[in-house]
Each structure stands twice: as structure tokens, then as C-alpha cells.
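Chemist: Predicted model and sequence follow; I will ask about them next.
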Amino acid sequence: MYLKKIIYKRDEVPSVEKYPFSIPAVRTLEELELNTPITFFVGENGAGKSTLLEAIANVAGFNSAGGGRQHSFSIHADEVPLAPFIRLSWTKKIYEGFFLRAESFYQFASFIDSIEDPRKYSRYGDKSLHEASHGESFMRLFQHAFNKKAIYFLDEPEAALSPIRQLSLLRIMKELEPTAQFVIATHSPILLGYPGATIFNFDETAITPTTFEETDHYQVTKLFLENPNRMFRELFQDLDT
């Protein structure tokens, strides 16, 4: 464990009526304790999980556009207004790691291509990340660039991964877990099932710890798989003519 606690300096926020400070989960935040090597942020779109993850990664020293600490490139609207009001408490400050933003991974791959260094692809399977599908490039990153004694912030890593590839990511996480820490914002019930992980739910007024089985993601997926026809009947009932 490296990152131990996330503290929100709420008293210093100029206005709780402005986004992102107005997000209910952020508005009521005081602090979060990370007690396991794997922590998940879960919630509906707009609940604030990616917003908080981005701010944490930025305060930890990672570019808001994504990448490792040594990477510096820009994307549209890469300011992080929440970051100045986040303080991190470490058991041991760690400098190795990566911040994955699924939405800006294309720009990250282009940035790596632009580096004038013959060894630039050595951590990505020895070729451009653009020379693979979106999902394959994600896996190449996980397999070649992720190492032990590091901290990883992943924002919706499942966005480009098939269910099988998500299981492969879980195996990589398990291999690294003894000395690596992960903080992940996700919608994936597969990833959320990681044994022993801490899960924080952003859908309530306050961010609260929850269990895998209590998440909407697990419950909705379970109901659908058990009886998809019933789910379709309920979903489409007012559309039948």
C-alpha cells in the first residue's frame, strides 16, 4: 500500500454550486481511506468517480491527459479544477505508475510515436500502439509497461476490452498486487468481482463502501443473464403496439 488516504479540503472550495464541486458525491466528501491494494470507484455516468480519480492522479504527479509521470502532452480541456482541493496521504511515496484515460489513449499513443528515441516502443511490445486494435493496444500496455512497485490509476479500462481481455487484466493485477496498487473507476461487473477489493459507491449522496453483490452493476447483469426475456419485456413494454 502506497496511497493511504484521500482528503478533500472542502472548506477551501470557493463555491459548491459550480461543477465539479456541485456533484453530490464530491460535495459531501471528507476523506477516503484506501485499505486494500485494489480500490474501485463505481457509479452511474456523472456520479463523479472519473472526476475524483483524475484529480487524485493529477495530485499524485501524473499528467491529466494520461500516461506516466515522464509523459507530457495536452488534450482539449485538460484542466483539473478539483485537484487543488485534494490532499493525499502516503505510507510511502511512489514515483512509478501510470494514469490510464480510456478517452485520451489515442492521443497518448500518438505522443509516444512523436518521441525521438529508438527505444520508445520498448515498454509497448516494441511497436507503435497504433499498430493494434484499441483493445490490443490496452493489453500491450498492461502486459509490457505495468510493473511491480508502482501505483496505477485506471479510468474505465474495460472501455476497449472484451470480457476475455477483462479477465486477462484481472490476472495481470493479481500478478502485480503484492507490490502494486490500483485505483480504478469502472462500470465492469467482471472487474468489480476482483477478490478482496475495496469498492466505493458514488451513487448515494455520500461516497460509501459497498460489496460486489450490492452494486447495481452486479445486480442488473445477474438479472439480465438469468432471464433476458423478462428483462426485455419490462424494458420494452410501453413500446409494444
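Modeler: In hand now; what should we look at?
Chemist: pLDDT weak spots in the chain?
Modeler: By pLDDT under 70, the low-scoring segments of the chain are 72-78, 241.
Chemist: can you pull out the strands in it?
Modeler: For the chain, the strands defined by DSSP state E occupy 3-8, 31-33, 38-42, 86-90, 97-101, 150-155, 180-185, 198-201, 208-210.
Chemist: Please tell me how far the fifth one is from the chain's geometric centre.
Modeler: Its chain's C-alpha centre and that of strand 97-101 lie 8 Å apart, by CA atoms, centre = their mean, to the nearest Å.
Chemist: Now do it: everything it contacts.
Modeler: Residues outside strand 97-101 that contact it (CB atoms under 8 Å, 6 or more residues apart in numbering) are 54, 57, 60, 62-63, 65-69, 108, 138, 141, 145-146, 150-155, 157. C-beta: built from backbone N, CA, C; applies to glycine.
Chemist: same check, this time on the second one
Modeler: Residues external to strand 31-33 that are found in contact with it (CB under 8 Å, 6+ apart): 4-8, 200, 207.
Chemist: cutoff 6 Å now
Modeler: Strand 31-33 is contacted by residues 5-7 when judged by CB atoms under 6 Å, 6 or more residues apart in numbering.
Chemist: If we go by neighbour counts, what in it is buried?
Modeler: Buried residues in strand 31-33, counted by 16 or more other CB atoms under 10 Å: L32.
Chemist: Walk me through which strands it pairs with, and which way each runs.
Modeler: strand 3-8 (antiparallel) (DSSP bridges).
Chemist: What residues sit buried inside the strand it pairs with?
Modeler: 3, 6, 8.
Chemist: one step back: go through the contacts of strand 31-33 and name the one nearest F40.
Modeler: Proximity of the contacts of strand 31-33 to F40 (CB to CB) peaks at I6, which lies at 13.9 Å.
Chemist: Nearest residue to the closest one in space, please, no chain neighbours.
Modeler: Spatial nearest neighbour of I6, chain neighbours left out: L32 (4.5 Å); criterion: CB to CB, 6 or more residues apart in numbering.
Chemist: With distance to E226 as extra columns, can I get the buried residues of strand 3-8 in a markdown table?
Modeler: Listed next are those as a markdown table, based on distance: CB to CB, whole Å:
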| residue | distance to E226 |
| --- | --- |
| L3 | 38 |
| I6 | 36 |
| Y8 | 39 |
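Chemist: what about L53, distance to L34?
Modeler: When CB to CB, to the nearest Å is the yardstick, L53 and L34 sit 12 Å from each other.
Chemist: Helices of the protein, start to end?
Modeler: For the chain, applying DSSP state H gives helices covering 24-27, 49-59, 105-114, 134-145, 163-176, 189-192, 216-226, 228-236.
Chemist: Report the buried members of the contacts of strand 97-101.
Modeler: For those, a burial check counting by 16+ other CB under 10 Å picks out 54, 57, 60, 62-63, 65-68, 108, 138, 141, 145-146, 150-155, 157.
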